[in-house]
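1. sequence? don't have it. structure:
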């Protein structure tokens, strides 16, 4: 017998949402499109992808306990017919369920949508840790922020949630608009806008316009919470002028921000932040490093203000934030019996996030040698060469001692850097390991691994962790 709190959907609700008659009666505890994640009580979506077809994994899903499987009308099977829900389009059925899920959410529930060129996941996780101390909070898992991840997150949100937090990402124009209108947030957060994905656009103006699409899903009397520091703040806010009855709150180091970073103290295991709101100071700890993360944490105070929550209670929980793997996680490496530090920021990279990570490395390393293992940044198109080369001045200003460049698009930056900085180059992460380039790492080094997702920089991270006796950094 399923506990009431674990029930997400009934067969009756799914039937209403999809407009399909369902003969059997059941309750659902979760919805999955990866058969390996199916548990007892799950609904399995048999998506047909470029590489894999979910219809080939229906047997696996049923064995793991799926109560229903959403399949394409053309699918024929003598097995499991009592579990099959046949539809014209499996993806559209996910959207229908997501839309239904949004409508049934309690009107008092605060729905938060976050976009930006970088910092979305960190900001989401920091906000979640704060709101967890206030009320029942749901947030999208990992970085599920695309056309599948956002509706997947919505359908898996418990209807009793008091707060819902959703990242919304993009690669192209007209993607954020659809997702924002699906989520219908009453709070929109923009962390920043930079040249990420600019290769898919004609100019930075088009990137700004695409990010501003998030405003279009904002409900009446909604709120915009936005970083006041980034270069294109004024340009993106132009798109908010046509939206009626909105409230705007800003945060950052900018003196004109409503929520201002007054002070930060770097400590072992994170930072102590002092924020200023209307001349009142709020002091709290976060367990992640870097000025960019200190600024991201200010968004929590904005959410607490907007939702009229207890600010002190919320910020007292921020030290518990859990940042997913590959986003600045620290590991101690023992090299020749001496401690070295590995910073795993391998999940993704764009110009603004690389710069932020370099500044953070500079702070963390102190007087130790600073080593950067940099994979190329993707989706920069015709701007790739110049945007990679632009990083050179930051390599110098942050006093990077050694760089291992990885990927063909870092070759130009390597050529510019090699006369000024000790560095080497490899075509991919596998070659870095096979050619022994990692042997130039020394005891007591502070090592940052960064690169775009497709560069598979986690291969290098895993190699380092496997080679040297490690433990999670204190």
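-> Arrived safely, thanks for sending. Since the structure is predicted, the reported quantities are computational estimates derived from the model, not experimental observations. Numbers count the residues shown, from 1 in each chain.

2. Spatially central, which residue of the protein would that be?
-> The centroid of the chain falls nearest to residue 121 when counting by C-alpha atoms, centre = their mean (2.9 Å).

3. wait, doesn't residue 281 sit right on residue 274?
-> Yes. Using C-beta atoms under 8 Å, residue 281 makes contact with residue 274 at a distance of 5.6 Å. Just so you know, the C-beta spots here come from the backbone N, C-alpha and C atoms, and that holds for glycine as well.

4. Looking only at neighbour counts, state which of those two leads.
-> Shown here are residue 281 and residue 274; by other C-beta atoms under 10 Å, residue 274 has more neighbours (15 against 10).

5. which stretches of the protein have low pLDDT?
-> For the chain, applying pLDDT under 70 flags the ranges 1-5, 469-474.

6. State the distance from the residue of the chain positioned farthest from its centre to residue 155.
-> Within the chain, the residue lying farthest from the chain centre (C-alpha atoms, centre = their mean) is residue 78, at 41.3 Å. To residue 155, residue 78 is 29 Å away according to C-beta to C-beta, to the nearest Å.

7. Which parts of the stretch 151-300 of the chain are helices?
-> Assigned helices in the stretch 151-300 of the chain, in chain order: 176-183, 204-211, 233-237, 291-306 (criterion: DSSP state H, counting those that start in this stretch).

8. any chance of the ones you listed in CSV, plus mean neighbour count?
-> Compiled in CSV, those are given as follows (neighbours: other C-beta atoms under 10 Å):
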stretch, mean neighbour count
helix 176-183, 21
helix 204-211, 19
helix 233-237, 16
helix 291-306, 25
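
9. Once you drop chain neighbours, what's closest to residue 356?
-> Closest residue in space to residue 356, ignoring its immediate chain neighbours: residue 292 at 3.9 Å, by C-beta to C-beta, 6 or more residues apart in numbering.

10. From the opening residue of stretch 199-212 to its closing one, how far?
-> For stretch 199-212, the first-to-last residue distance is 18 Å (C-alpha to C-alpha, to the nearest Å).

11. Need the residues that contact that stretch.
-> Outside stretch 199-212, the residues that touch it by C-beta atoms under 8 Å, 6 or more residues apart in numbering are 115-117, 170-176, 190, 193-198, 232, 235-236, 239-240, 378-384.

12. just to revisit the earlier point, now the helices of the stretch 151-300 of the chain in CSV, please, with extra columns for distance to residue 220.
-> Output for these, formatted as CSV (distance: least, C-beta to C-beta, whole Å):
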stretch, distance to residue 220
helix 176-183, 14
helix 204-211, 22
helix 233-237, 19
helix 291-306, 15
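
13. Which one, of the ones you listed, ends up nearest to residue 443?
-> Evaluated over the helices of the stretch 151-300 of the chain, closeness to residue 443 peaks at helix 291-306, with 27.6 Å, by C-beta to C-beta.

14. residue contacts, residue 58?
-> Per C-beta under 8 Å, 6+ apart, neighbours of residue 58: 35, 44, 46, 69, 71, 77, 80.

15. do the same with residue 66
-> 38, 42-44, 83.

16. Please, which helix or strand holds it?
-> Secondary structure from DSSP states H and E places residue 66 outside every helix and strand.

17. residues near the residue lying closest to it once chain neighbours are set aside, how many?
-> With sequence-adjacent residues excluded and distances taken as C-beta to C-beta, 6+ apart, residue 66 is closest to residue 44, at 4.5 Å. Applying other C-beta under 10 Å, we find 28 residues neighbouring residue 44.

18. swap in the one 10 residues further on?
-> Residue 54: 24 surrounding residues under other C-beta under 10 Å.

19. Please list all residues in contact with the residue nearest to it when sequence neighbours are not counted.
-> Distances taken as C-beta to C-beta, 6+ apart place residue 46 nearest to residue 54, at 3.5 Å, with adjacent residues excluded. Residue 46 makes contact with 53-55, 57-58, 69-72, 75, 90 under the criterion C-beta under 8 Å, 6+ apart.

20. Can you tell me how far residue 46 is from residue 60?
-> Plainly put, residue 46 is 11 Å away from residue 60 if you go by C-beta to C-beta.

21. Equivalent analysis for residue 157, please.
-> Noted for residue 157: a distance of 26 Å to residue 60, by C-beta to C-beta.

22. Please state the backbone phi and psi of the residue farthest from the centre of the chain?
-> phi -80, psi -20 (degrees, to the nearest 10).

23. now swap in residue 258 and tell me
-> Backbone torsions of residue 258, given as degrees, to the nearest 10, read phi -70, psi -40.

24. can I assume it is in contact with residue 252?
-> No. Judged on C-beta under 8 Å, residue 258 makes no contact with residue 252 at a distance of 9.4 Å.

25. tell me the contacts of the closest residue to residue 312 other than its chain neighbours?
-> Distance criterion C-beta to C-beta, 6+ apart; nearest residue to residue 312, sequence neighbours excluded, is residue 282 at 7.4 Å. Residue 282 makes contact with 274-276, 301, 311-312, 315 under the criterion C-beta under 8 Å, 6+ apart.

26. repeat for residue 395
-> Counted by C-beta under 8 Å, 6+ apart, residue 395 has contacts 358, 372, 403, 417, 421.

27. Now it: which helix or strand?
-> Using DSSP H and E, residue 395 falls in helix 392-397.

28. mind listing what residue 129 touches?
-> Per C-beta under 8 Å, 6+ apart, neighbours of residue 129: 317-322.

29. If we use 7 Å, what do you get?
-> With contact set as C-beta atoms under 7 Å, 6 or more residues apart in numbering, residue 129 has these partners: 317-318, 320-321.

30. With neighbour count, distance to residue 11 and secondary structure added, can I get those residues in CSV?
-> Output for the contacts of residue 129, formatted as CSV (neighbours: other C-beta atoms under 10 Å; distance: C-beta to C-beta, whole Å; DSSP: H, G, I helix; E, B strand; the rest coil):
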residue, neighbour count, distance to residue 11, secondary structure
317, 19, 38, coil
318, 22, 41, helix
320, 16, 37, helix
321, 24, 38, coil
